[in-house]
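Colleague: Sequence and predicted model, in that order:
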Amino acid sequence: MKNRSVARLLYAHLVDMGGFPVRQPLPTGQVEQIDPFLLLHHADVKAPEHVDPDDAGIGPHPHRGFSPVTFIFKGGVHHRDSRGNDSTIYAGGAQWMNAGMGIIHSERPPHDIHQIGGRQEIIQLWINTPSKNKMDQPMYFPLKAEEVPSFLSQDGKVKINVFAGEISGIKGPAPSQAEVNAATLEFTKGGTISIALPANHNAFIYLLDGKLSVEGFGLVEGLHIVHFKNDGEGITATALEDTRVLLLSGEPLNEKVVSYGPFVMNTQTQILEAMRDYQMGKMGVLIEE
């Protein structure tokens, strides 16, 4: 297998999201998107002990035109939305949502967050939706850790959890309008893995921590995206210490992106329509009780 070469490294700078500190390696000044992936936020925060979990985290807010997906590494996330979905997913699982024509949701710590360590570590990923699907009915898909298929590398030192698409013949259950592969990799020091990826996909890995040696490139430290060129059949990496990784590949949509806050569409007119529809209540109402 010819390995892809590395296009660039993107550091996850710390940004303030309304008092919520997150690491943001995408987008940056260098890269607006890695089509179809628009944004990656990595948060590792302590749930405030003086605040009721029902009032902590992220309160009700709208989305339209893309899939906000949350991968949970520590603690849990309690999701509620204007379509009546109400679900708590814990570490190892994911909250996979396609906002479609519009939905309002909240993402808060679970009621038992302080009994399970008090920390929330999550990655939120925004996956663009093809223009033909942007006004589909919204869809929410909760995925518990035990529902995520996994396999081990040949040396037994890397565990691969497949959330969506297909990696090494293992299919993930999460539905996606864009054609994507999404997996988390848990490396034990010294573990090596080679993963084939579709030649037409854009691809990157994000290191939550640790250190990898990426074949054909060299050392990469935690809190970096490794964005690969489309010049090979896959990637190979070896862990220099215990390392957690999010692996993503996707077929580019090659469509114009116009975004404003929580709305991602193809034209400015569609953004204005989204704002109007939200204000008129067409995305529903979420009353948290």
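Modeller: It's in. Numbering: from 1, shown residues only.
Colleague: just for the chain, where's the confidence low?
Modeller: For the chain, no stretch has pLDDT under 70.
Colleague: what are the ranges of the helices in it?
Modeller: Secondary structure of the chain, counting by DSSP state H: helices at 268-279.
Colleague: Point to the residue nearest the middle of it.
Modeller: Geometric centre of the chain, nearest residue: residue 125, 2.8 Å, by C-alpha atoms, centre = their mean.
Colleague: my guess is it contacts residue 71, does it?
Modeller: Yes: with contact defined as C-beta atoms under 8 Å, residue 125 and residue 71 form a contacting pair (7.1 Å). The C-beta positions use only the backbone N, C-alpha and C, and glycine is treated the same way.
Colleague: between the two, what contacts are shared?
Modeller: Common contacts of residue 125 and residue 71 (C-beta atoms under 8 Å, 6 or more residues apart in numbering): residue 246.
Colleague: hang on, the earlier thing: give me every residue that touches the residue nearest to the centre of the chain.
Modeller: Residue 125 sits next to 37, 39, 40, 68, 69, 70, 71, 182, 246, 248 when contact means C-beta under 8 Å, 6+ apart.
Colleague: How many neighbouring residues does the second one have?
Modeller: Close neighbours of residue 39, defined as other C-beta atoms under 10 Å, add up to 18.
Colleague: what do you get for the third one?
Modeller: Residue neighbour count, defined by other C-beta under 10 Å, stands at 24 for residue 40.
Colleague: ok, what's across the strand from the closest residue to residue 170 other than its chain neighbours?
Modeller: Closest residue to residue 170 apart from its sequence neighbours, by C-beta to C-beta, 6 or more residues apart in numbering: residue 162 at 4.7 Å. Per DSSP bridges, residues listed as beta-bridge partners of residue 162: residue 183.
Colleague: now residue 23
Modeller: Counting by DSSP bridges, residue 23 is bridged to residue 14, residue 42.
Colleague: Contacts only, for it.
Modeller: 12, 13, 14, 15, 41, 42, 43, 223.
Colleague: What's the ChimeraX line that selects buried ones from these?
Modeller: Of those, the buried ones can be selected in ChimeraX as follows, counting by 16 or more other C-beta atoms under 10 Å:
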select :12,41,42,43,223
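Colleague: Please dump the contacts of residue 23 into JSON lines; it should also carry distance to residue 234 for every row.
Modeller: Formatted as JSON lines, the contacts of residue 23 follow (distance: C-beta to C-beta, whole Å):
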{"residue": "12", "distance to residue 234": "24"}
{"residue": "13", "distance to residue 234": "29"}
{"residue": "14", "distance to residue 234": "32"}
{"residue": "15", "distance to residue 234": "32"}
{"residue": "41", "distance to residue 234": "27"}
{"residue": "42", "distance to residue 234": "24"}
{"residue": "43", "distance to residue 234": "30"}
{"residue": "223", "distance to residue 234": "24"}
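Colleague: And the contacts of residue 23, which is closest to residue 283?
Modeller: Closest to residue 283 out of the contacts of residue 23 is residue 41 (21.7 Å), distances taken as C-beta to C-beta.
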